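Participant: based on what follows, work out the 3D shape:
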Amino acid sequence: MKHTFLKIFGILIMVFMMVSSCGGAKESLSISDDEKKAFTQKVGDTINIADTKTEYEIIIIEPGFNFWLNSIAKPEGYYSQSYLENRNNVYVIEWNQRVLQPQVYDPDLYELQIDYSPNIDYGYEVNYKLYNYFIYFQRKYNQRLGPFIPRI
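Facilitator: Numbers count the residues shown, from 1 in each chain. I've put the predicted structure just below:
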């Protein structure tokens, strides 16, 4: 009885090890030529993200982001506002944690915290552009701000 238990236990451990080591191939990001063009721009874009119905705004100064937003990103209306809010909440939490750890994460990438509350309705445009900035940022700087692969 004791030997049977040990055999079964040993088999279970071997199966577990085999399953856990058989991860799928890591998915790499496919960066198009147009996206590479946006990433290599040196002239600074200043994007003012504001919702006319609310009084919230975000200012992003990032070379190439405006070009990327207008030529690469999914168009407004593609995502629902609740989808954008959920993703933005995950990204903001991770972003703010990285800002607080400059010894671990590049302080030139993560300079300032983002004041974003899941209890406030910032409107569609603010959420859309913030979400797309996170996607742009992750793809350009090869970062992961959450469990999601930053796809366009």
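Participant: tell me which residues of stretch 140-148 come out buried.
Facilitator: 140, 143, 145, 146 (16 or more other Cβ atoms under 10 Å). In this view, the C-beta of every residue, glycine as well, is placed from N, C-alpha and C.
Participant: check stretch 86-98 too.
Facilitator: 87, 88, 91, 92, 94, 95, 98.
Participant: now do it, average pLDDT.
Facilitator: Across stretch 86-98, pLDDT averages out at 97.
Participant: what's the answer for stretch 107-120, then?
Facilitator: According to the model, stretch 107-120 has a mean pLDDT of 94.
Participant: how far off centre is that stretch?
Facilitator: In this view, stretch 107-120 has its centroid 13 Å away from the chain centroid, taken as Cα atoms, centre = their mean, to the nearest Å.
Participant: wait, residue 118 touches residue 82, no?
Facilitator: No. Residue 118 lies out of contact with residue 82 (Cβ atoms under 8 Å); the separation is 10.6 Å.
Participant: what about stretch 56-70, how long is it end to end?
Facilitator: Using Cα to Cα, to the nearest Å, the end-to-end distance of stretch 56-70 comes to 22 Å.
Participant: ok, residue 32 - contacts?
Facilitator: Contact partners of residue 32, counting by Cβ atoms under 8 Å, 6 or more residues apart in numbering, are residue 72.
Participant: where in the protein is pLDDT low?
Facilitator: For the chain, the stretches with pLDDT under 70 are 1-29, 42-54.
Participant: so which strand or helix has residue 59?
Facilitator: Using DSSP states H and E, residue 59 maps to strand 57-61.
Participant: I should have written residue 93 there, sorry.
Facilitator: Element membership for residue 93 (DSSP H and E) is helix 81-99.
Participant: run through who's touching that helix.
Facilitator: 104-105, 109-114, 116, 118, 122-124, 127-128, 130-131, 134, 145-148.
Participant: one step back: buried ones in the very next helix or strand once past the strand holding residue 59?
Facilitator: Once strand 57-61 ends, the next helix or strand along the chain (criterion: DSSP H and E) is helix 65-71. Using 16+ other Cβ under 10 Å as the test for burial, helix 65-71 gives 65, 66, 67, 68, 69.
Participant: in TSV, list the buried residues of stretch 140-148 along with secondary structure and distance to residue 35.
Facilitator: What follows is the buried residues of stretch 140-148, written out as TSV (DSSP: H, G, I helix; E, B strand; the rest coil; distance: Cβ to Cβ, whole Å):
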residue	secondary structure	distance to residue 35
140	helix	8
143	coil	15
145	coil	18
146	coil	20
